Each structure stands twice: as structure tokens, then as C-alpha cells.
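Student: Predicted model follows, preceded by the sequence.
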Amino acid sequence: MQLSTPGPTVGVVGGGQLGRMLGEAAGPLGVEVVVLDPTPDCPAAPVVRDQLVGDFDDEEGVRELADRADVLTYEIELADPDLLERVGEATGTPVHPSPDTLRTIQDKLVQNEWLADAGVPVPEFVRVDDAEDLRAAGEELGWPVMLKARRGGYDGRGNVPVEGPEACDGALAEVGAGEAGALAEALVPFERELSVIGVKGADGTATFAVTETIHREEILRESVTPARTSDEVLDRAREIAERVLDATEGRGVFGIELFEREGEVLVNEIAPRPHNSGHWTIEGAHASQFEQHLRAVLGWPLGETARRDLTVTANLLGDVERAAEPATLDALGAILSEPRAHLHWYGKRETRPLRKMGHVTLVGGEGEGTETLLSRARDLRAEVTVR
């Protein structure tokens, strides 16, 4: 393969924090990035070649993006797969991952059916169109159940546990199922939540180390890599991630969220893009998930996915009491003074309670244990205020 730099241009639908980090990874490769995002001066804008201001389903905007790019990709599931497919075919611009994969992922019921058909273990699930269906699902699966809107949910939004038949009407209204409907899953009494960042390239697949993800109030707070679990579970998680990659179409990075339950591993959800649980790879792996995504969508050789050392991340979230505009991070010196701490500020202009505004990564030193590193990351976060 003959490659040269300056290199090609990647068009990205979405210019949020993931688009920003794709832009940061593109620079050293000689790759240029142009993003399409509805927010003027979006988070990615300072680090990419250009931003086109337009909605994710703006056909004129997507077509202009395709005209300026050698390949199209997306960093948000709100991208329109039908539009991407249509524009890609009309302009001859490849789209990765495949719009078919995005179409499948956007509907949680279709996603679960697809995974089950591919032999990937998922929690038991039932389609739900109304309260009567939900009550029947509870009887079949056993109360409580996890109710999920089929479309639009993220960061725990669109998901709600339902304790019994009397809560069905309120739960359906809470998740905002609407005409799209919902599904009920058997509630998994998991021991821990895991994630594997997988990458599918032109010449094969690869996975990063299995990560333990720590959530509170359905929001990812910290990650620990490698996950604190048995070698058997780590091997099973990687095996399942490879099975998921085999089932997907198109190239790119995929965030694969998992549950561990009594040595068993189940898939929770798939994201066809770089993922928050993979931010540790920027400092903790030889080639980050963002570099790998660019390499993959361009058809370039993949980089090394091995981790460098024990790595912990802590998300910096909007203060629940003091959300304000513009966004600021106070007491920054606490992070900058910490050896082996790496700050990532996402450049979002507006703070909201529990909104992900940045993260800090700590890479372990010689003889340093997981609990010590995790405690330091939490202490650092406690010293700063995002408002």
C-alpha cells in the first residue's frame, strides 16, 4: 500500500467531543477532518480543518461534506443512515461503518434480534408496544424488568427499571417510547459492567484490553483498564467482541458494552463509533481508538491495540447544583500538578447537570495498584468544579 502525506480528508457527521478527539488524532497522520454539526463553533471546530453548520439529516450539508471528503463516517448515532447511503452512492464516497450497521444499531429491538441471530449472548428481551405488552413481558421475564425505548436513548436516558405491573403506564411515558415503541429486558443482576473497544479494518479485526466501567445514576463515572475480573471472563469478553465485529458491516471502531454475571458475559449495547469507555486508549494504548478509527475507515493498516500500563479515567461532569453558562473548569491546577495525569477538556460551551464536559486519565507507575490509582483519580475530580 502506497501512502503519502498530506493525506486524505475524512468527513465526519457530528462535531462533538468524539469529533474533536478524531481531529486531534488526525493531525499527526497528515489526515484532514471536516465535520458537519448544527452547533456553530462546535467542540471539534478548533482542531479540524473546517466545520459545516447543519443538522445531521441536512441533505445539502451531508452532500457538501461528501464532496469534500474521501470517506464519510459519523460520531453520533443520530446520523441518518438512509441519507448517508443515498449520498454515498450518488457521490461515490464510501461510508464507514456501513449505513446498514447504523440502521440496525439505532433500533434497540432490531439490535438485540441481530445479535441473537449472530449467536451473541444478550439478556432475554420482549417487544413492547403498550402497557399491556409490558405487563405481559414482566410476567414472562419476571419482575423487575428493564424498559428501553427502541430509539433515541443514550447515557442511560430512555431506560428505566419497572418494578411491577402498577408502574407500567408511568414507565412507558418516562422513557418516551412513543410510536417507535420499546422493549423489555430481563434485569441482569450483574457483578460489573465491562466494555471492549473493537476495530474492524480492511485486513482484519482487533480489540483493545477489556475495560471495567463504573456507572452511577446511569452515567459513566470511571473506567479501569484492565478490568478487575478473572482471566476467564476477560477471554470470554474478547471472544464475544470478536463475534460482534464479525457480524458488523463496514470498517471502523465499535464500542461494545457488556455485563458480567457469575462468570457469564452478555452484550448490553453496541455503538458503531469511538466510545466514552475507550478514552483511556489515548494515553493507555499504543494507538488510540480515534487513530484506529481513522486508519480503519481509510482502509489503512491498523495500529497496535496493546495497552501500555494500568490506566484509569474519571469523567468530569457538570455540577448538579451550579450548572451555568459559559462552561468553566475551576481548580485546574490540581490535575495539572499530578504526575501522569492527563486532562481532556471537550470544549462544550454549555454546562448541564451531569453532562460529560471532560475527563482525566491516570496511567500507573511501577508497582502502582488499581485501587490506589482509582482513588487518586476520584480525589482529583473532587478537587475541581465544572460549572
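Tutor: Everything's here; your move.

Student: which residue is nearest the centroid of the chain?
Tutor: residue 275 (2.6 Å; Cα atoms, centre = their mean).

Student: Residue 250 and residue 207: what is the separation?
Tutor: Distance, residue 250 to residue 207, using Cβ to Cβ, to the nearest Å: 17 Å. No exception for glycine: its C-beta is placed from N, CA and C like everyone else's.

Student: next one: residue 46
Tutor: Residue 46 sits at a distance of 31 Å from residue 207 (criterion: Cβ to Cβ).

Student: What values do phi and psi take at residue 267?
Tutor: Note on residue 267: its backbone torsions stand at phi -80, psi 130 [degrees, to the nearest 10].

Student: ditto for residue 242
Tutor: With angles defined as degrees, to the nearest 10, residue 242 shows backbone torsions of phi -60, psi -40.

Student: ok, now residue 20?
Tutor: On the backbone of residue 20 - angles per degrees, to the nearest 10 - the values are phi -60, psi -50.

Student: residues near it, how many?
Tutor: 26 (other Cβ atoms under 10 Å).

Student: quick one, what contacts it?
Tutor: Shown here is residue 20, whose contacts under the criterion Cβ atoms under 8 Å, 6 or more residues apart in numbering are 43-44, 46-48, 346-347.

Student: Mark which of those residues are buried, thanks.
Tutor: Buried positions within the contacts of residue 20, assessed by neighbour count (16 or more other Cβ atoms under 10 Å), are 43-44, 47-48, 346-347.

Student: Turn those residues into a markdown table, columns for distance to residue 381 and secondary structure.
Tutor: Below are the buried ones among the contacts of residue 20 laid out as a markdown table (distance: Cβ to Cβ, whole Å; DSSP: H, G, I helix; E, B strand; the rest coil):
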| residue | distance to residue 381 | secondary structure |
| --- | --- | --- |
| 43 | 20 | coil |
| 44 | 24 | coil |
| 47 | 24 | helix |
| 48 | 28 | coil |
| 346 | 15 | coil |
| 347 | 19 | coil |
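
Student: In the residues you listed, find the pair that's most separated.
Tutor: Pairwise distances among those were taken by Cβ to Cβ; the largest, 14.0 Å, belongs to 48 and 346.

Student: Which residues does stretch 53-67 contact?
Tutor: Defining contact as Cβ under 8 Å, 6+ apart, one finds that stretch 53-67 is touched by 11, 13-14, 34, 36-40, 52, 72, 74, 76, 78-80, 83-84, 86-88, 90-91, 93.

Student: so the residue nearest to the centre of the chain touches residue 196, yeah?
Tutor: No. Under the criterion of Cβ atoms under 8 Å, residue 275 makes no contact with residue 196, lying 9.7 Å away.

Student: domain assignment for the protein?
Tutor: Segmentation of the chain into domains, based on automatic domain parsing, reads 9-95, 124-186, 192-386.

Student: In contact with residue 48, which residues?
Tutor: For residue 48, the contact set (Cβ under 8 Å, 6+ apart) comprises 12, 15, 19-20, 23, 26, 32-35.

Student: ok, now how distant is residue 161 from residue 75?
Tutor: Between residue 161 and residue 75 the distance is 29 Å, computed by Cβ to Cβ.

Student: Same drill for the two, tell me which one is more crowded.
Tutor: Comparing residue 161 with residue 75 by neighbour count (other Cβ under 10 Å), the higher total belongs to residue 75, at 25 against 12.

Student: how close does the more buried one sit to residue 252?
Tutor: Counting by Cβ to Cβ, the gap from residue 75 to residue 252 is 10 Å.

Student: Now do the helix or strand of the chain with the lowest mean pLDDT: which elements does it pack against?
Tutor: When the helices and strands of the chain are compared on mean pLDDT, DSSP states H and E, strand 329-330 comes out lowest with a mean of 80. When contacts are defined as 3 or more Cβ pairs under 8 Å, 6 or more residues apart in numbering; DSSP states H and E, strand 329-330 packs onto strand 385-386.

Student: Note down every partner strand of the strand it packs on and its orientation.
Tutor: For strand 385-386, sheet partners with direction are given as strand 329-330 (antiparallel), following DSSP bridges.

Student: neighbouring contacts of the partner strand?
Tutor: Contacts with strand 329-330, where a contact means Cβ under 8 Å, 6+ apart, come from 316, 345, 357-358, 384-387.

Student: can I get those residues in CSV with pLDDT and neighbour count?
Tutor: Putting those into CSV (pLDDT from 0 to 100; neighbours: other Cβ atoms under 10 Å) gives the following:
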residue, pLDDT, neighbour count
316, 95, 22
345, 95, 18
357, 94, 25
358, 96, 21
384, 86, 18
385, 81, 15
386, 86, 24
387, 78, 16
